[in-house]
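Trainee: build me a model from this:
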Amino acid sequence: MLPVGSPATGDDFVDRERETAFILNTIKNDHVMLVAPRRFGKTSIMRKIERDLASKRQSCVFLEVESVNSPGEFITDLVTALVECEGASVKARISSALGKAFALVQENIDEIETPAFRAKLRGRLRAEFSDDWHEKAKKVDEIFAGLTGPVCIILDEFPVAIQNMEEAEARKFLLWFRRLRQVSPGVRFIVGGSVSIDHVVYHIGGTPVINDFRRVTIGGFGEGVALSVVERVFREEGWEYSPEIGRAVLDCVGEPYIPYFIMIVLSGLKEEVEISGGAPSPALVERVYNRRILGSEGRHYFEHYSRRLQTTYSGQEAKAARAILSRVSLAESLPAGIAYEIFRQSTGSESEDAFRALLAQLNHDFYVASETPGELRFYSKMLRDWWRIYYAGTW
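Mentor: Below you'll find the predicted structure:
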């Protein structure tokens, strides 16, 4: 059974060769921002890029920065990761630059490969950058300016790290991070996360602080690939596969065929088969979907989508967003004019600009899509089904 929620690696990594190849080609000249909703496989793709670069003996650093709360913590993690970076030539340049910037490194240059030294370095850097980080960050600029590359730095959950910072510090950080990219000709950054970075920077530094990133959208699987994934899981589990049962699984998920949602259905099917002892069938798939996944025991799969409105949107935005999504979940689509009336009633605001900004945020966060001009619909059929059951009529 393929993993549910965990990054896919090795043979479990399915059908992302085109995206991976495109990103590897893009970072020759540009920084990359991965754009996709939660559970679309961004981390799996990042890890695949890390492995591919390692196989070519190119230096690559992977950092999961969700727990970072300040610019000083970010800088500490970044510099420490560079010390651990593979690649003899790059490591030598990093060590030399670190030695010039930080006395601790210069004094202990022969110990730089040891875990004990790296722990000492991390502690010293945290102390150094705990205050006045912006002025001291010029040392980091000097280190990066000396890296002729190629060095790839992958930052997972980057928008969350920005959210964790105080607003004034986050603004200074984004401006510094842009400057760092400008003075680092040999370094390429790949950033991504489960929260829309556009939404995060909108009220902080504005989009100019990230407009040098090349955006790469990660979509769901195509129908053929999605069916092949279902067939593969059936084969691994020793179940009899048919096109009809493959179609039944995809009908539950709906387009786009989100990898995470496919695996939710298959995981629920496996649990049902193990408990009941029966054989998979289209009817059993439908029963699993309606009772096990959309039922109370499946709520944990989707609660994030509700909680995120409360944590990443302002109070008035969250109230209006919930009301709009509740109404959209009751129909195939909702005219934008009706959505505006819901916004006006929820917020007491007549601002069409604020309404359009909210719709843009819901679109960036992949709650809604507007393929037909003036019409809103849920981006995911499965998420729409869940929202309709638990939230329609409650706002």
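
Trainee: hey, where'd the helices end up in the stretch 101-250 of the chain?
Mentor: In the stretch 101-250 of the chain, the segments counted as helices under DSSP state H, counting those that start in this stretch are 103-107, 115-128, 133-136, 138-145, 158-164, 167-182, 197-202, 223-237, 243-253.

Trainee: any idea which of those helices is most buried?
Mentor: Each of the helices of the stretch 101-250 of the chain was assessed for mean neighbour count using mean count of other Cβ atoms under 10 Å. The highest is helix 158-164, with a mean of 23. Every residue, glycine included, has its C-beta placed from N, CA and C.

Trainee: domains of the chain?
Mentor: As given by automatic domain parsing, the domain ranges for the chain are 15-217, 223-301, 303-390.

Trainee: and the ones you listed as JSON lines, adding mean pLDDT?
Mentor: JSON lines is the format used below for the domains of the chain (pLDDT from 0 to 100):
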{"stretch": "domain 15-217", "mean pLDDT": "82"}
{"stretch": "domain 223-301", "mean pLDDT": "92"}
{"stretch": "domain 303-390", "mean pLDDT": "89"}
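
Trainee: and the residue nearest the centre of the protein?
Mentor: Nearest to the mean C-alpha position of the chain, by Cα atoms, centre = their mean, lies G193 at 2.5 Å.

Trainee: got the contact list for that one?
Mentor: The contact partners of G193, by Cβ atoms under 8 Å, 6 or more residues apart in numbering, come to 42, 66, 156-160.

Trainee: okay if I get those residues as a markdown table plus distance to E231?
Mentor: Shown next, in a markdown table, are the contacts of G193 (distance: Cβ to Cβ, whole Å):
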| residue | distance to E231 |
| --- | --- |
| K42 | 25 |
| E66 | 34 |
| D156 | 30 |
| E157 | 33 |
| F158 | 36 |
| P159 | 36 |
| V160 | 36 |
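
Trainee: residues contacting the closest residue to F173 other than its chain neighbours?
Mentor: Among residues not flanking F173 along the chain, P71 sits closest, at 4.3 Å (Cβ to Cβ, 6 or more residues apart in numbering). Contacts for P71 (Cβ under 8 Å, 6+ apart) come out as 129, 133-134, 137, 165, 169, 172-173, 176.

Trainee: closest to I389 among these?
Mentor: M165 (36.4 Å; Cβ to Cβ).

Trainee: quick check, that closest one in contact with S70.
Mentor: Yes - the pair M165 and S70 passes the contact test of Cβ atoms under 8 Å, sitting 5.9 Å apart.

Trainee: hang on, the earlier thing: of the contacts of G193, closest to Y379?
Mentor: Y379 lies nearest to K42 out of the contacts of G193, by Cβ to Cβ, at 15.8 Å.

Trainee: make sure the closest one is actually in contact with L34.
Mentor: Yes - at 4.8 Å, K42 counts as touching L34 under the criterion of Cβ under 8 Å.
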